[in-house]
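Asker: Sequence isn't available, so here's the structure alone:
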């Protein structure tokens, strides 16, 4: 059984990977691609969707995630969950909640940093959180 810790551990192996729109490998990955490759590596989901623009112009990413993961309140999020963030009125960025030095972190492929990074989950990130999703069948341990 896959645990939430497994999700975080796998996501962290991608830290430093270059950012690339619709990328799905170690040569480059975008934020949605990071969720896809982590899910596939651990066998918790086998889906993909690369027909999207760099800037979201609708809510299709929410529909796609709802078909493949369980949506829950942002207040219920735990380590190993996927967070969806907004930019103005549309969702446009995703990352996975982790833990570093005893505090919540966000592991994500971030275009502004041009790579996969882990940073503290505070400041603007919680304020921009729009939705939370969890992979089916995860163990909390």
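Answerer: That came through fine. Being a predicted model, the structure only gives us computed values, none of them experimental.

Asker: Just after the lengthiest helix in the chain, pick out the following helix or strand.
Answerer: Criterion DSSP state H: the longest helix present in the chain is helix 31-42. Toward the C-terminal end, the helix or strand that comes next after helix 31-42 (DSSP states H and E) is helix 60-68.

Asker: what comes into contact with whatever helix or strand comes next after that next one?
Answerer: Toward the C-terminus, helix 60-68 is succeeded by strand 70-72 as the next helix or strand (DSSP H and E). Contacts made with strand 70-72 from outside it, assessed by C-beta atoms under 8 Å, 6 or more residues apart in numbering, are listed as 65, 81, 131, 132, 133, 134, 135, 136. Any C-beta I mention is one placed from the backbone N, CA and C, and that applies to glycine too.

Asker: What about the residue nearest to residue 80 when sequence neighbours are not counted, how many residues nearby?
Answerer: Setting aside the residues directly before and after it, residue 80 is nearest to residue 4 in space (C-beta to C-beta, 6 or more residues apart in numbering), at 3.0 Å. Applying other C-beta atoms under 10 Å, we find 21 residues neighbouring residue 4.

Asker: where does residue 4 land on pLDDT?
Answerer: You'll see residue 4 listed with a pLDDT of 95.

Asker: same deal with the one 3 residues further on?
Answerer: According to the per-residue confidence, residue 7 scores 96 in pLDDT.

Asker: Next, format the contacts of strand 70-72 as JSON lines and append distance to residue 107.
Answerer: Putting these into JSON lines (distance: C-beta to C-beta, whole Å) gives the following:
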{"residue": "65", "distance to residue 107": "17"}
{"residue": "81", "distance to residue 107": "11"}
{"residue": "131", "distance to residue 107": "17"}
{"residue": "132", "distance to residue 107": "15"}
{"residue": "133", "distance to residue 107": "15"}
{"residue": "134", "distance to residue 107": "15"}
{"residue": "135", "distance to residue 107": "15"}
{"residue": "136", "distance to residue 107": "20"}
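
Asker: so what's residue 51 scoring on pLDDT?
Answerer: Residue 51 is assigned 68 on the pLDDT scale.
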